[in-house]
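S.K.: just a sequence and a predicted model for now, questions to come.
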Protein chains: 4
Amino acid sequence: MKTLNVGLVGSGFMGRAHAQAFRAVGGLFDLPLAPVLDILADRDEETARASAAALGFRRHTGDWRRLVEDPAVDVVAVTTPNRLHAPIALAAIAAGKHVYCEKPLATTLADARAMTAAAEARGVVTLVGFNYLKNPMIALAREIVQGGEIGEVTGFRGIHAEDFMADPDQPYGWRCEPDNAGGALADIGSHIIAMARHLAGEITAVSGRLHTVHGSRPAAPGSTERKSVTVDDQAHALVEFAGGATGSLTASWIAQGRKMQLAFELTGTRGSIAFTQERFNELRLYTAGGRRGREGYTLIAAGPEHGDYGAFCPAPGHQIGFNDLKAIEVKALVEAIAGTSAAGPDFREACEVERVAEAIHRSHRDRCWIDVRSV
Amino acid sequence: MKTLNVGLVGSGFMGRAHAQAFRAVGGLFDLPLAPVLDILADRDEETARASAAALGFRRHTGDWRRLVEDPAVDVVAVTTPNRLHAPIALAAIAAGKHVYCEKPLATTLADARAMTAAAEARGVVTLVGFNYLKNPMIALAREIVQGGEIGEVTGFRGIHAEDFMADPDQPYGWRCEPDNAGGALADIGSHIIAMARHLAGEITAVSGRLHTVHGSRPAAPGSTERKSVTVDDQAHALVEFAGGATGSLTASWIAQGRKMQLAFELTGTRGSIAFTQERFNELRLYTAGGRRGREGYTLIAAGPEHGDYGAFCPAPGHQIGFNDLKAIEVKALVEAIAGTSAAGPDFREACEVERVAEAIHRSHRDRCWIDVRSV
Amino acid sequence: MKTLNVGLVGSGFMGRAHAQAFRAVGGLFDLPLAPVLDILADRDEETARASAAALGFRRHTGDWRRLVEDPAVDVVAVTTPNRLHAPIALAAIAAGKHVYCEKPLATTLADARAMTAAAEARGVVTLVGFNYLKNPMIALAREIVQGGEIGEVTGFRGIHAEDFMADPDQPYGWRCEPDNAGGALADIGSHIIAMARHLAGEITAVSGRLHTVHGSRPAAPGSTERKSVTVDDQAHALVEFAGGATGSLTASWIAQGRKMQLAFELTGTRGSIAFTQERFNELRLYTAGGRRGREGYTLIAAGPEHGDYGAFCPAPGHQIGFNDLKAIEVKALVEAIAGTSAAGPDFREACEVERVAEAIHRSHRDRCWIDVRSV
Amino acid sequence: MKTLNVGLVGSGFMGRAHAQAFRAVGGLFDLPLAPVLDILADRDEETARASAAALGFRRHTGDWRRLVEDPAVDVVAVTTPNRLHAPIALAAIAAGKHVYCEKPLATTLADARAMTAAAEARGVVTLVGFNYLKNPMIALAREIVQGGEIGEVTGFRGIHAEDFMADPDQPYGWRCEPDNAGGALADIGSHIIAMARHLAGEITAVSGRLHTVHGSRPAAPGSTERKSVTVDDQAHALVEFAGGATGSLTASWIAQGRKMQLAFELTGTRGSIAFTQERFNELRLYTAGGRRGREGYTLIAAGPEHGDYGAFCPAPGHQIGFNDLKAIEVKALVEAIAGTSAAGPDFREACEVERVAEAIHRSHRDRCWIDVRSV
Ligand SMILES: NC(=O)C1=CN([C@@H]2O[C@H](COP(=O)(O)OP(=O)(O)OC[C@H]3O[C@@H](n4cnc5c(N)ncnc54)[C@H](O)[C@@H]3O)[C@@H](O)[C@H]2O)C=CC1
Ligand SMILES: NC(=O)C1=CN([C@@H]2O[C@H](COP(=O)(O)OP(=O)(O)OC[C@H]3O[C@@H](n4cnc5c(N)ncnc54)[C@H](O)[C@@H]3O)[C@@H](O)[C@H]2O)C=CC1
Ligand SMILES: NC(=O)C1=CN([C@@H]2O[C@H](COP(=O)(O)OP(=O)(O)OC[C@H]3O[C@@H](n4cnc5c(N)ncnc54)[C@H](O)[C@@H]3O)[C@@H](O)[C@H]2O)C=CC1
Ligand SMILES: NC(=O)C1=CN([C@@H]2O[C@H](COP(=O)(O)OP(=O)(O)OC[C@H]3O[C@@H](n4cnc5c(N)ncnc54)[C@H](O)[C@@H]3O)[C@@H](O)[C@H]2O)C=CC1
């Protein structure tokens, strides 16, 4: 089988997840191309060497530029802090590589647009790591919505809340830097914006409110010096959809007790859906008009009849894990590169997510609604 | 024991609930006054007669004016459609009666203010039917918040969603009339505003969005004629609290599948609380700083150590019901009338709830934030 | 309306619940007879006096014999410790009174049989306080089972677990006395046996295991002296049903963390039901053969279309409480006395419950299966 | 790094899961040996060839004997129907290979004992696929129990219920063959027996009841001929533990609506644990003696502080999937082979599980308790 040489930049939380996905995907799906863990770049030679060994890459480099220019590399996976997404992706595109980039796409909307334009001009395949969209239960939700099973969508109430920054003594890091797309909205809010668009369609207007709760944090782990923080710890927005629905979105990384509350309630004229990533192998579906006295939310457990679940297990209820979502994402990437199906969410879609986030920022500043299309 | 003669106006959903509460409360609590089901008024003689018989009232009348002016009546309970709250309450106050009024207090903020002023001038006791605040689990939540157990409140995300108007063929009724405080926000949104204030304090600014999903409904049950509807089917708002917290509120009566989702997540700097009226004998509490690997939300089941639960049952986990909330409410009323404790939420508090709702309406109209204190 | 004079014996946990139910029931249901809280008996004059005042009884007595013989009394409610059920009930029957008796019916199967025979011979109405059967959700469960909605019943796995005796320093009390029907099986296990019979039919054979975990307890509250305990803290049984189903039952009063886990999973050939009293306004229903990919347990919330829920509230999801179950029980009692419907569970049924418990005891002793009909 | 050549027999449900685990494990854990997908055997050449290609094995064979005798093979993974476990494992042991065998270990207790004896005599490493024990939440549960956090274990109530055989028209297959360890008890009941032993210790006596609900099934998919079935569709047992606890176990493959209910409630003198594989990234823990009014079950979400979770994800709440349990199992195997830690559950432990199952069978036959040690 033809191989697909993978160049991975970064080997932190997401770098490892990408590596595992590329490693696993071939045994799960019948793919048109066989991914090869070719080369890993990290910020220095030693980090890159150690990570390449641990994750099973053949080669490594301390300079991502070497990786993106390497003729052997077919696809570049970008898992660095956000600030580097644009330079790496643009260089990779310039070198004619396909790009698999982590979210959020860029640190400014201008960058996101430039990246999208470049990729489309060059004709490379792009995919952005909104892995939660790959969940078989979300595939089911989309099928339900698009098949009209719950009528017209009237409302979407979404949240992505975690608590990894809840402690005011959680040190300052790249996620706190304004020019690194810092803040809860960009970091995890992007997931719930992407989810809202995926299921309820285009967001046309927003009213937003950002909120910095902890104004300073230790400059570094263990440091007594405190560094001031200006990015949002939580963000709230009202949203209007092109299809007429209305709703609200929340992002928070200080939500004590929440580890992965990417959750929503989607209401339609004839039913509704409720979901939380905290139990992501489940979807709750309510359909109006059932037998009187027997109506209620049905708790659907993920099984082979839903999305790509069957690639992992022939039996229902056994459950997939977070890393499996990445494997489904990588499968979509590989098929898009091979041309057998369209990947997504691509740079253009991720750019739209950025646009909504940018509109929320402007709305917060101006204390009024912002038309997303005007941004 | 001294008695307390009750005059009840209205005998629909809430009228019955009031009657049951007055009937039951004496056996549950050791009260300073013994409520007597004295007289019931409804829109006509026959309705009043039948309801008085069914609910156990001694007397009845087809004219509420007779009731409020009756010298024997000590307290007037108002459970009519909203438009009548102001005239009845004002007349009762003028006659020197205490007033127990259903929510929302009035159909205009001006009315609500006049009612509050009149009651305070006359020195009568008032209580408004925000019964969900009487839940022992909400008493617990308030104790947790006010005791600082979860630090400073940083966020409040609330919703009151039901689906009794979800069907577009659900007929037009008094809840659809603009001059009857129609609409989801006034009808059930008032509960979540009251809850937010009860737990997280004063709401100082709002950005709101109202949404009429079903623009017309059958003019009457069984009618083929359709009447146009202008009130909101759902409403969303961003909110800022005096204490610095931020959040969002949602009200919807078209939330397919939801029967009683009065729910919130309240986040503090050192913990959080999650609650839904769908399981209102439970409260979820997360407190930061627990033993590593053992942390998580604790599901607290209502028991005698919480609020007024013990009046109903000496054993935990047996659960109270909706009507029991009304009994607790009536107990607060009776004690306030007897002067042994302060009632609440009184007209002044209910007036503040109205103010927030009014601010949301204006914000919707003007597409910008509204300072609640300016309303 | 004709009245029904109630004589209540005992005013502890259950005595109060009976009193509240008799007090409330007339406002909830359209009854053929109006219950009157006539006379209350307790172990001494002073206790009886105080309780009668608190609960709203007209008269009181320190001697239950006076109560059962009082010509004015129509129905005797027995809420004493178990040992007194038989003497009081037998005396009441002899005096021609209807009897509403708390569970378990008696302390020996012989007594239970004698009570049943006496009541049937005398033709009085009897009802035993298996209040959990009165839940609208259990009415629904029964309707589902009997209507064949889930096919033939194949399995029943039930438990009643609480933790009020979990602490080894919880003092000895009447529930620890062997001749007072002490032990978890008799005390709360009777509820799950009754439920199993109510839903899955006659239990024909059992294999049981009793288990005394805490062999001694403080002789009295605060006492340092310890008294040895011989009754079971937990009991387990395998069961066979006449209809062919098999399953297991568990009773425990040392189940740390459980406050009211009266729960079961009932499996049929074409569906299943899951229930827990911890959330007793909910029933989970699974019906096989639904649309592929949309199947799952449906969470049904109690509403007016289920059993007697509508007497409490016209809107679904608002929930009833434990005391409301007693009100439904009393409604059944009053109707049975008036002859408008058959009460149940009556002494005969409660006697069958005792028989199963006795069979479990014998099976435990003999370490083999016991045919219930042989007991 | 030294490699570990894997020979896999079978490539159905479990064969694929093994393959994925061997493929993934090296990128997840820092292992002493590098597993190599060397050779795959299946029932015929063609099946083996296709599976080897799909799963990434270098070689294949239609005859498992060739695989077990192949000098290059270090470890043999057995994922065939149960009847073949013994011959394959014994041949592999004879050839000095380590053996990783699926559950149940064998189809007779005699075989299981012979396999255990052979493995121990030959000194090879063995591991049996009770993958649910590998869950980080079960590691946590064991830590809690063994650390005495919930006192002495007093009760264990476990179940493994699924519904893949609930339809009477589900065709006859190898799981229905008595000489293939057919039946719910052997097939999935073995998991809950293993879990009970893992957490609550040795099971010393049982009273069992097997139940064949569907006495015949289509002889083959699509066949109109029906074949009679004698194995159990569900099994119930009372159990006594060496440590003094008592409880019950249930196994059912006809539990309509259940996909993966491997669940238990474990009670101790000072707390309790509740778990279900349906939400296997969660564990509920109750510890007695907490602050009054704040007690309840704490819902612990899997995170890096629990068992091997951190190998998959550095952030809590992201969740692992079923296949990840197999990866943890394979890690244990590899480490045991390298001698860096003890594997488990090994053949000896799996043999004890068989012994309990056999005792349940005998108890069913004899209608009395069976001392497991006598079996
Ligand atoms: N899709 C999802 O669910 C998630 C996405 N992310 C996204 O993934 C990206 C990475 O986040 P994490 O993995 O959490 O961060 P991390 O801090 O764990 O890892 C970042 C990696 O980039 C490397 N790196 C830094 N500077 C570099 C340079 N100049 N050249 C090469 N490598 C360099 C670091 O050494 C490290 O290996 C971010 O864009 C983040 O938003 C993160 C977590 C979850
Ligand atoms: N606290 C809570 O949870 C709830 C509060 N409510 C509030 O209770 C009030 C009543 O609502 P429902 O009981 O649901 O309405 P409903 O329509 O069931 O009952 C209204 C009652 O008022 C009577 N009425 C109408 N016009 C009258 C007149 N001129 N004179 C005397 N009686 C008259 C009607 O005949 C009827 O008995 C409303 O303000 C509503 O917002 C309603 C439901 C729940
Ligand atoms: N249906 C249910 O869910 C429940 C039923 N029960 C049953 O109710 C009965 C009473 O239990 P509790 O109320 O919990 O007990 P309790 O101990 O709280 O109350 C017993 C009452 O009987 C009175 N009493 C004792 N000796 C007496 C005598 N010689 N004459 C008159 N009164 C006497 C006591 O003073 C007390 O008022 C028991 O049979 C119990 O099994 C108890 C709790 C729940
Ligand atoms: N640990 C767990 O959670 C689970 C364990 N199992 C166990 O795994 C084993 C296999 O079960 P499944 O994978 O579900 O069965 P399956 O029927 O899906 O796969 C069995 C495999 O064995 C192969 N096979 C049959 N005869 C063979 C022969 N003579 N030589 C070589 N290969 C042969 C078949 O072709 C097939 O590839 C059983 O022991 C079962 O109890 C099964 C499912 C879950």
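M.R.: Perfect, I can see it now. Ligands and ions are numbered 1, 2, ... in the order given.

S.K.: going forward, measure contacts between C-alpha atoms and count neighbours the same way
M.R.: Noted.

S.K.: which residues sit in contact with the residue most central in space within chain A?
M.R.: Nearest to the geometric centre of chain A sits residue A:130, at 2.1 Å (C-alpha atoms, centre = their mean). Going by C-alpha atoms under 8 Å, 6 or more residues apart in numbering or on different chains, residue A:130 touches A:102-103, A:191, A:194, A:345.

S.K.: hang on, residue A:296 packs against residue C:297?
M.R.: No: in this structure, residue A:296 is not within contact of residue C:297 by C-alpha atoms under 8 Å, at 9.2 Å.

S.K.: how about the stretch 151-300 of chain A: which residue is closest to ligand 4?
M.R.: residue A:281 (17.7 Å; C-alpha to the nearest ligand atom).

S.K.: ok, that residue to ligand 2 distance?
M.R.: 35 Å (C-alpha to the nearest ligand atom, to the nearest Å).

S.K.: residue A:187 contacts residue A:177, doesn't it?
M.R.: No: assessed by C-alpha under 8 Å, residue A:187 is found out of contact with residue A:177, at 11.2 Å.

S.K.: compare the two and say which is more crowded by neighbours.
M.R.: residue A:187 (20 against 15; other C-alpha atoms under 10 Å in any protein chain shown).

S.K.: now the phi/psi pair for the closest residue in space to the more buried one that isn't next to it in sequence, please.
M.R.: Excluding its sequence neighbours, the residue lying closest to residue A:187 (C-alpha to C-alpha, 6 or more residues apart in numbering or on different chains) is residue A:104, at 6.7 Å. With angles defined as degrees, to the nearest 10, residue A:104 sits at phi -70, psi 150.

S.K.: what of the one 5 residues further on?
M.R.: The phi and psi values for residue A:109, taken as degrees, to the nearest 10, are phi -70, psi -30.

S.K.: around chain B, which positions in chain A sit nearby?
M.R.: A:154, A:166-167, A:207-209, A:211, A:213, A:236-238, A:246-248, A:254-257, A:267-272, A:286-288, A:296-297, A:367-369 (C-alpha under 8 Å from any C-alpha of the partner chain).

S.K.: 6 Å - rerun?
M.R.: Neighbours of chain B within chain A, by C-alpha under 6 Å from any C-alpha of the partner chain: A:256-257, A:271-272, A:286, A:367-369.

S.K.: and residue A:252, what are its bridge partners?
M.R.: residue A:161, residue A:234 (DSSP bridges).

S.K.: which residues touch it?
M.R.: Residue A:252 is in contact with A:161, A:184, A:233-234, counting by C-alpha atoms under 6 Å, 6 or more residues apart in numbering or on different chains.

S.K.: for residue A:116, same thing?
M.R.: Residue A:116 neighbours (C-alpha under 6 Å, 6+ apart): A:347-348.

S.K.: the helix or strand containing it near ligand 1 at all?
M.R.: Following DSSP states H and E, the helix or strand that holds residue A:116 is helix A:109-122. No: Helix A:109-122 does not reach ligand 1 (C-alpha under 6 Å from any ligand atom); its nearest approach is 13.1 Å.

S.K.: C-terminal to that helix, what's the next element?
M.R.: Following helix A:109-122 toward the C-terminus (DSSP H and E): strand A:126-128.

S.K.: that next one pairs with which strands, parallel or anti?
M.R.: Per DSSP bridges, strand A:126-128 is paired in its sheet with strand A:98-101 (parallel).

S.K.: quick one: mean pLDDT for the partner strand?
M.R.: On average, the pLDDT along strand A:98-101 is 98.

S.K.: that older thread, keep only those of the residues of chain A next to chain B that are also close to ligand 4.
M.R.: Okay, of those, nothing touches ligand 4 (C-alpha under 6 Å from any ligand atom).

S.K.: re earlier: for residue C:119, see how far away the residue nearest to the centre of chain A is.
M.R.: 71 Å (C-alpha to C-alpha, to the nearest Å).

S.K.: and if you look at residue A:277?
M.R.: Taken as C-alpha to C-alpha, the span from residue A:277 to residue C:119 is 58 Å.

S.K.: likewise for residue A:41?
M.R.: Look at residue A:41 and residue C:119: by C-alpha to C-alpha, they are 87 Å apart.

S.K.: who has more neighbours, the two?
M.R.: residue A:41 (29 against 25).

S.K.: so the more buried one sits against residue A:65, correct?
M.R.: No: judged on C-alpha atoms under 6 Å, residue A:41 makes no contact with residue A:65 at a distance of 8.8 Å.

S.K.: in chain A, what residue lies closest to chain B?
M.R.: Residue nearest to chain B within chain A: residue A:368 (4.3 Å; C-alpha to the nearest C-alpha).

S.K.: quick check: closest non-adjacent residue to that residue.
M.R.: In space, residue A:368 comes closest to residue B:368 once its chain neighbours are excluded; the distance is 4.3 Å by C-alpha to C-alpha, 6+ apart.

S.K.: was I right to think residue A:150 contacts residue A:270?
M.R.: Yes: counting by C-alpha under 6 Å, residue A:270 is a contact partner of residue A:150 at 4.4 Å.

S.K.: now do the shared contacts for these two.
M.R.: Joint contacts of residue A:150 and residue A:270 (C-alpha under 6 Å, 6+ apart) do not exist.

S.K.: how far away is residue A:257 from residue B:104?
M.R.: For residue A:257 relative to residue B:104 (C-alpha to C-alpha), the value is 34 Å.

S.K.: how about stretch A:353-366 as CSV, C-alpha atoms only?
M.R.: Extracted as CSV, the C-alpha positions of stretch A:353-366 are listed here (Å, rounded to 0.1, in the frame of the first residue of the first chain):
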residue,chain,number,x,y,z
VAL,A,353,-14.9,29.5,14.3
GLU,A,354,-12.2,32.2,14.8
ARG,A,355,-14.5,34.8,13.3
VAL,A,356,-17.2,34.0,15.9
ALA,A,357,-14.6,34.2,18.7
GLU,A,358,-13.4,37.5,17.3
ALA,A,359,-16.9,38.8,17.2
ILE,A,360,-17.4,37.9,20.8
HIS,A,361,-14.3,39.8,21.7
ARG,A,362,-15.5,42.9,19.9
SER,A,363,-19.0,42.6,21.4
HIS,A,364,-17.4,42.4,24.8
ARG,A,365,-15.4,45.6,24.1
ASP,A,366,-18.4,47.5,22.6
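
S.K.: need the contact partners of it.
M.R.: By C-alpha under 6 Å, 6+ apart, the list of residues contacting stretch A:353-366 reads A:194, A:207-209, A:369-370, A:372.

S.K.: how about these in a markdown table, adding pLDDT?
M.R.: As requested, the contacts of stretch A:353-366 are exported to a markdown table (pLDDT from 0 to 100):
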| residue | pLDDT |
| --- | --- |
| A:194 | 98 |
| A:207 | 98 |
| A:208 | 98 |
| A:209 | 98 |
| A:369 | 98 |
| A:370 | 98 |
| A:372 | 98 |
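
S.K.: could you tell me which of those residues are located in strands?
M.R.: Those of the contacts of stretch A:353-366 mapping onto strands are A:207-209, A:370, per DSSP state E.
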